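> Provide a 3D model corresponding to the input given below.
(chains A, B, C and D)
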4 protein chains.
Amino acid sequence: MSTRAAYKHVMRIGTRWKDNDIYGHVNNVEYYSYFDTVINAYLIGSGALDIHHGAVIGLCAESHCKFLDSLAFPQGVDAGLRVAHLGKSSVRYEIGLFAEDKETCAAQGWFVHVFVDRVTRKSTPLPDALRSALAALQVEAQA
Amino acid sequence: MSTRAAYKHVMRIGTRWKDNDIYGHVNNVEYYSYFDTVINAYLIGSGALDIHHGAVIGLCAESHCKFLDSLAFPQGVDAGLRVAHLGKSSVRYEIGLFAEDKETCAAQGWFVHVFVDRVTRKSTPLPDALRSALAALQVEAQA
Amino acid sequence: MSTRAAYKHVMRIGTRWKDNDIYGHVNNVEYYSYFDTVINAYLIGSGALDIHHGAVIGLCAESHCKFLDSLAFPQGVDAGLRVAHLGKSSVRYEIGLFAEDKETCAAQGWFVHVFVDRVTRKSTPLPDALRSALAALQVEAQA
Amino acid sequence: MSTRAAYKHVMRIGTRWKDNDIYGHVNNVEYYSYFDTVINAYLIGSGALDIHHGAVIGLCAESHCKFLDSLAFPQGVDAGLRVAHLGKSSVRYEIGLFAEDKETCAAQGWFVHVFVDRVTRKSTPLPDALRSALAALQVEAQA
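Just a heads-up that it's a prediction; the model follows:
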């Protein structure tokens, strides 16, 4: 199981009251919201993605999550991010979610972004700025 | 690719204004919300699950989604549900999401529920009512 | 307290699993999501609003909700909508939310839309199509 | 218009990718999610509210928001909180939301919590710990 150190980038995400579902813990759906928050915040913060005006945008093609432990508001969550595969016009991220006070992760997942032209929605080769930002998160393939 | 007929149970789910994200289509995260809505609505409607007081509850252990086409508010979405594997204390559902006016699905996914004791959160054999409700959705393994 | 008949337009909205919060009922925040869903679905359905390409869009300037009774997944909710005041570039809607099997409302609220130019975000006089669609929901001022 | 200093308690809330709606800014509904996040996080953090097991819980009776400026992911939001009125079994909070880099607020709102018995859902006098935690946020009535 991964630790925070297995990820190139880590972002603290605050939970919200309504993340907790009727069983008292963060609903499975919200884990995926943490995924696209850490991904897009990283890309925007690195100057590689302009979600308002950029010619190229990222769309989710596939995602996956394995739920290992519960999370609950008001805990903070550390979202770890790394790039497992960087293709011509797509990228596969791996994400680990950690309760703020735990060393082992509450969830492990992955997420595939396909980059497309904002208008035509056709896949497009990664612009250099995106490729650089993503390459900085690249790791050797994990077992 | 699956059609509605490939699913034993189909539920119409309305989209909401805020399901659309900045790129104008339903955000990937919401697809998973449609998954646990069709699953839990089916179980509650069949009388097999009491989310308020029942001794046994279902927790998500793993989920997956492949995004094939966009959906957008105010479209209706038909969520198809079937059971691919029924274990001693867990079940693996397969879900297809269809825009109301399309025959091919916008997304295909799966979702594993582990049933646990509400208090101890230890896995527990499926009660008969749950097993019956789930067996009614069972299909032969799909290629 | 209002009944369904007090509203010019009524839309059935399905609840979702994650609408229920830790206390077992629909979270207060989701009520507002039902508000902007009934409003925007009506405007889009009447052909008066094009959220993807239209030159004029509606932004929320103020909203309010009084919570009178609980709602809970998997109940359906009937959202009633009427127009209380129609100004030059804004409109004040009144909304009532009803559990599918109840005559008295679970919540009453209002919502002010200011219509603005999509690009400049400056307020703009209501185009004729929008004015007509809104006028059709107008009621005499309620006590 | 209020500044951060007008609030007794301020909490940084991170925005999420899906908070942005089709018009590129945080959806009006999410502002209310920030409201109940700052409120409940404060009460839990002060030891006054146990959302999992406590005998007394807080339900929202009424809320309101005036939207003054836009917010957008990935901005951080500072949520200011104060108590405007403390009753026998209820409290009226006032909340201001500030973009992380702005002095004037993007939204001002209020929220009424009625405290009830978790089982019977009947209103109940505020326990001492809750009263103390709330009194610490009390301000003189604002014009």
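
> hey, let's count contacts and neighbours off CA atoms from now on
Noted.

> and chain A, which residues reach chain B?
A:22, A:28-30, A:32-33, A:51-52, A:60-68 (Cα under 8 Å from any Cα of the partner chain).

> Briefly note if the helix or strand encompassing A:H64 comes near chain D.
Following DSSP states H and E, the helix or strand that holds A:H64 is strand A:56-67. No - using Cα under 8 Å from any Cα, strand A:56-67 stays clear of chain D, coming no nearer than 12.3 Å.

> Packing partners of the helix or strand following that strand?
Along the chain past strand A:56-67, the next helix or strand (assigned with DSSP H and E) turns out to be strand A:76-86. In terms of contacts (3 or more Cα pairs under 8 Å, 6 or more residues apart in numbering or on different chains; DSSP states H and E), strand A:76-86 is packed against strand A:9-14, helix A:28-45, strand A:90-99, helix A:128-135.

> Tell me the residues of chain A that contact chain D?
So far as Cα under 8 Å from any Cα goes, chain A lies against chain D at A:13-14, A:16-18, A:24, A:33-34, A:36-37, A:40-41, A:44, A:52, A:74.

> if we look at chain C, which of the residues you listed are close to it?
Restricting those to those within reach of chain C (Cα under 8 Å from any Cα) leaves A:K18, A:G24.

> Pick the one among the residues of chain A next to chain D closest to chain B.
Closest approach to chain B among these (Cα to the nearest Cα): A:S33, at 5.9 Å.

> Count the residues that sit near that closest one.
Number of residues near A:S33 (other Cα atoms under 10 Å in any protein chain shown) recorded here: 19.

> Same question for the one 5 residues further on.
Number of residues near A:V38 (other Cα under 10 Å) recorded here: 23.

> A:A136 too?
12.

> Per-residue pLDDT of it, please?
Here the pLDDT value assigned to A:A136 is 98.

> For it, give me its contacts.
Residues near A:A136 by Cα atoms under 8 Å, 6 or more residues apart in numbering or on different chains: A:K8.

> Mind pulling the model confidence for the nearest residue to A:V56 once chain neighbours are set aside?
Leaving aside its sequence neighbours, A:V56 sits nearest to A:D117 (Cα to Cα, 6 or more residues apart in numbering or on different chains; 4.8 Å). At A:D117, the model reports a pLDDT of 97.

> where does A:D117 fall, phi/psi-wise?
The phi and psi values for A:D117, taken as degrees, to the nearest 10, are phi -70, psi 130.

> tally of neighbours for it?
A:D117 has 15 nearby residues by other Cα under 10 Å.

> Please verify my assumption that it contacts A:P125.
No - in this structure, A:D117 is not within contact of A:P125 by Cα atoms under 8 Å, at 9.4 Å.

> Hmm, A:C105 and A:L97 touching each other?
Yes - shown here, A:L97 and A:C105 form a contact pair, counting by Cα under 8 Å, at 5.5 Å.

> Mind checking which of the two has more residues around it?
A direct count of neighbours by other Cα under 10 Å for A:L97 and A:C105 places A:L97 higher, at 30 against 24.

> Would you quantify the distance from the more buried one to A:C65?
10 Å (Cα to Cα, to the nearest Å).

> can you give me the mean pLDDT across stretch A:23-39?
Stretch A:23-39 comes out at a mean pLDDT of 98.

> And stretch A:76-85, by the same measure?
98.

> Over to stretch A:91-107?
Across stretch A:91-107, the average pLDDT comes to 97.

> what does stretch A:47-67 give?
97.

> what does it contact?
The contact list for stretch A:47-67 (Cα under 8 Å, 6+ apart) reads A:28, A:31-32, A:40, A:43-44, A:106-119, A:124, A:129-130, A:133, B:22, B:28, B:60-68, D:24.

> Name only those of the residues you listed that count as buried.
Taking 16 or more other Cα atoms under 10 Å in any protein chain shown as the criterion, what is buried in the contacts of stretch A:47-67 is A:28, A:31-32, A:40, A:43-44, A:106-116, A:118, A:124, A:130, A:133, B:22, B:28, B:60-68, D:24.
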